[in-house]
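K.L.:
okay, sequence plus prediction incoming.
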Amino acid sequence: MKELSKYLISVNATFVNGEIVPEIPYEEIMRLVNEPKIVIVKSGIPEHLLKNVIESTWSWSQRVPASEVPDTFDNNQHKRRLHIARIQQAPQLFHDHTFDAIKDLEGSFKETLLTVFDPLRTFWNNLTGNKEEYGIRKGQPYFHPQVTHYPLGGSFFGRHWHPLNPQKVGTILALNKYGRDYHSGGTGYIINDTVIETEGFQDVGDIILFRYDLPHWVSPSSFADRFNWNDPAGRWVAILPFYDPWGQPAEHDEPQGWKQHINASNELNTVAV
Ligand SMILES: [Fe+2]
C-alpha cells in the first residue's frame, strides 16, 4: 500500500486463478474508500486479456448497429452518447457498450468479456459482502457490465454523482495504457473541496475504487487530436455498475448537499454496525 497523495492510495494485488487478491483485507480497502479516499488497485490482470476485450468489443460494435432508441436495460447494445443528462445536467460524449444480457452473447465474445468481468464481479462482491450473479431482475438492482470507449479529440463525461447504495464502491478498470494508447483523459473526483485528478496515475490493469456518491467526471481527451467515432484509438475502460434502472435516481442537490449527505450516510453505517 502506498500513499500517492493525500487522497490517493495505491494497493497491490495478485491475479490468482482468475481472482484479484489484494495485499490488504477487503474491509481495510472499504475503510479507505469510505474515508473517503480514491484507491487504485493494481489488479495484475494480464494485459493480453484486457486487449482482447477492447478488440472483441470493437469488432462486435462493427457488426451490430448502434442503438438510437431509449435504453431498455435488458439487452446487449452500444450507443454513441452525446447529450446532457436530464436530471444532473452532466454533459457527455463517449461510446458505451452495455452487456446487461451478457449471458446471451455468442460463445467466444461472451468468454472474452467474462475473463475480465468475472474477476471484477468477484472483487466487487468481496468488497461489498455480496454474492451477486449476472442477470436482469426487474424491480431490483442488477449488474450492468459496460465497456466504455473515450475516443481521441474531445470525449469526456461531466461532473456527476450516484446514490451510494446499493453500489457502495464504483470500479473503473483501465483496459489500455496512458502515455502509449492515449495521452489525455482520466477520472477526477472532489473530496473535501479538493480536486483529485487520476489522469496519468491509472496504469493499464489498474482498478480505481471510489465511494459511489463522490462527485466525479472524466477529463477530456485532447482537442489537438482529430475526433472520429470510427477509430478505436483512445481510452478504454470496463466498469460494473450495480443498480435498479427503474429505481430512485441520484438527487439533484450537489455539491452543497454532499457533505451533509456523506455525514448522514456515515451515521447510518454506524447505526447499522
Ligand atoms: Fe459515474
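P.N.:
Cool, the structure landed.
K.L.:
got a pLDDT number for Gln88?
P.N.:
For Gln88, the pLDDT comes out at 77.
K.L.:
for it, which non-adjacent residue is spatially closest?
P.N.:
Across the structure, with CB to CB, 6 or more residues apart in numbering as the measure, the residue nearest Gln88 apart from its sequence neighbours is His160 (4.7 Å). For the C-beta atoms, the positions are set from N, CA and C on the backbone; glycine is no exception.
K.L.:
repeat for Val41
P.N.:
Once its chain neighbours are removed from consideration, Val41 has its nearest residue in Ile207; the separation is 4.5 Å (CB to CB, 6+ apart).
K.L.:
shouldn't the residue nearest to Gln88 be in contact with Pro215?
P.N.:
Yes. Under the criterion of CB atoms under 8 Å, His160 lies in contact with Pro215, with a separation of 7.2 Å.
K.L.:
picking up where we left off before, residues near the residue nearest to Gln88, how many?
P.N.:
18 (other CB atoms under 10 Å).
K.L.:
do Val69 as well
P.N.:
If you count neighbours by other CB under 10 Å, Val69 ends up with 7.
K.L.:
again, but for Ile38
P.N.:
For Ile38, which is what you asked about, the neighbour count (other CB under 10 Å) is 28.
K.L.:
pretty sure Gln62 belongs to a helix, no?
P.N.:
Yes. Secondary structure of Gln62 (DSSP: H, G, I helix; E, B strand; the rest coil): part of a helix.
K.L.:
could you count how many residues lie near it?
P.N.:
Using other CB under 10 Å as the criterion, Gln62 is surrounded by 10 other residues.
K.L.:
and the strands in the stretch 151-273 of the chain, which stretches?
P.N.:
In the stretch 151-273 of the chain, the segments counted as strands under DSSP state E, counting those that start in this stretch are 156-160, 169-174, 187-191, 194-197, 206-211, 216-218, 234-239, 242-243.
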